[in-house]
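Undergrad: Task: produce atomic coordinates for the following.
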Amino acid sequence: MAKDHERSLHEIKEFIKKYCDERDWDQFHNAKDLAIALSIEASELLEPFRFKSKEEVEELFKDPKKREDIEDEMADVLYFLFRLAQRYNIDLSEAFDRKMEKSSKKYPIDKAKGSNKKYNEF
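TA: So this is what the prediction gives:
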């Protein structure tokens with residue numbers, strides 16, 4: 001298995017493209033359905049944390065089976081995000097950098113540091 005530092009975003013997108021091409025899934029993977037799937041998977045990621053205290057959440061990550069279940073849900077979210085980007089030729093690194101630049105303007109360090117307020121509450 002590859003580690004984060006061993007694989008580029010492009011390589012992941014290419015892997016997913018090949019995986020889906022082999023299964024003829026383009027017909028099912030339009031933007032709407034991929035966004036729905038992404039939302040569903042993100043919601044499934046929430047499930048193990050529901051009604052848990054901070055301490056109970058920390059314990060989840062110490063249990064190998066529960067940790068793997070959480071990792072599987074995270075991988076599902078990643079898969080659908082990358083598939084959406086791959087299908088619609090979105091450069092995730094560019095999109096991320098652009099969004100972080102916008103967020104940096106909304107959340108300047110002098111106002112946002114140590115605060116959980118939304119940018120319109122400063």
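
Undergrad: how close does residue 3 get to residue 19?
TA: 19 Å (CB to CB, to the nearest Å). Where you see a C-beta, it was placed from the backbone N, CA and C, and this is true even at glycine.

Undergrad: Looking at these two, which has the bigger crowd around it?
TA: residue 19 (12 against 6; other CB atoms under 10 Å).

Undergrad: got the contact list for the one helix or strand residue 22 maps to?
TA: Per DSSP states H and E, residue 22 falls inside helix 9-23. Residues outside helix 9-23 that contact it (CB atoms under 8 Å, 6 or more residues apart in numbering): 26, 29, 78-79, 82-83, 85-86, 92-93.

Undergrad: any idea of the mean pLDDT for that helix?
TA: What helix 9-23 shows for mean pLDDT is 98.

Undergrad: buried ones in it?
TA: For helix 9-23, the buried set under the neighbour-count rule, 16 or more other CB atoms under 10 Å, comprises 12-13, 16, 20.

Undergrad: and of those, the nearest to residue 102?
TA: residue 13 (23.3 Å; CB to CB).

Undergrad: what distance separates the longest helix anywhere in the chain from the middle of the whole chain?
TA: Ordering each helix of the chain by length in residues (DSSP state H) puts helix 64-87 first. How far helix 64-87 lies from its chain's middle: 7 Å, per CA atoms, centre = their mean, to the nearest Å.

Undergrad: Downstream of that helix, the next helix or strand is which one?
TA: By DSSP H and E, the next helix or strand past helix 64-87 is helix 92-106.

Undergrad: for that following helix, packing partners?
TA: helix 64-87 (3 or more CB pairs under 8 Å, 6 or more residues apart in numbering; DSSP states H and E).

Undergrad: Send over the helix it packs on as PDB, restricted to the C-alpha atoms.
TA: Taking Å, rounded to 0.1, in the frame of the first residue of the first chain, the C-alpha atoms of helix 64-87 are listed here in PDB:
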ATOM      1  CA  PRO A  64      -8.000  -1.200  15.500                       C
ATOM      2  CA  LYS A  65     -11.400  -2.300  14.100                       C
ATOM      3  CA  LYS A  66     -13.200   0.900  14.900                       C
ATOM      4  CA  ARG A  67     -10.200   2.900  13.500                       C
ATOM      5  CA  GLU A  68     -10.300   0.900  10.300                       C
ATOM      6  CA  ASP A  69     -14.000   1.500   9.900                       C
ATOM      7  CA  ILE A  70     -13.400   5.200  10.300                       C
ATOM      8  CA  GLU A  71     -10.500   5.000   7.800                       C
ATOM      9  CA  ASP A  72     -12.800   3.200   5.300                       C
ATOM     10  CA  GLU A  73     -15.400   5.900   5.500                       C
ATOM     11  CA  MET A  74     -12.700   8.500   5.000                       C
ATOM     12  CA  ALA A  75     -11.500   6.600   1.900                       C
ATOM     13  CA  ASP A  76     -15.000   6.600   0.600                       C
ATOM     14  CA  VAL A  77     -15.200  10.300   0.900                       C
ATOM     15  CA  LEU A  78     -11.800  10.700  -0.800                       C
ATOM     16  CA  TYR A  79     -12.800   8.300  -3.600                       C
ATOM     17  CA  PHE A  80     -16.000  10.300  -4.500                       C
ATOM     18  CA  LEU A  81     -14.200  13.700  -4.200                       C
ATOM     19  CA  PHE A  82     -11.400  12.500  -6.500                       C
ATOM     20  CA  ARG A  83     -13.800  10.800  -8.900                       C
ATOM     21  CA  LEU A  84     -15.700  14.100  -9.200                       C
ATOM     22  CA  ALA A  85     -12.500  16.000  -9.800                       C
ATOM     23  CA  GLN A  86     -11.300  13.400 -12.300                       C
ATOM     24  CA  ARG A  87     -14.500  13.300 -14.300                       C
END
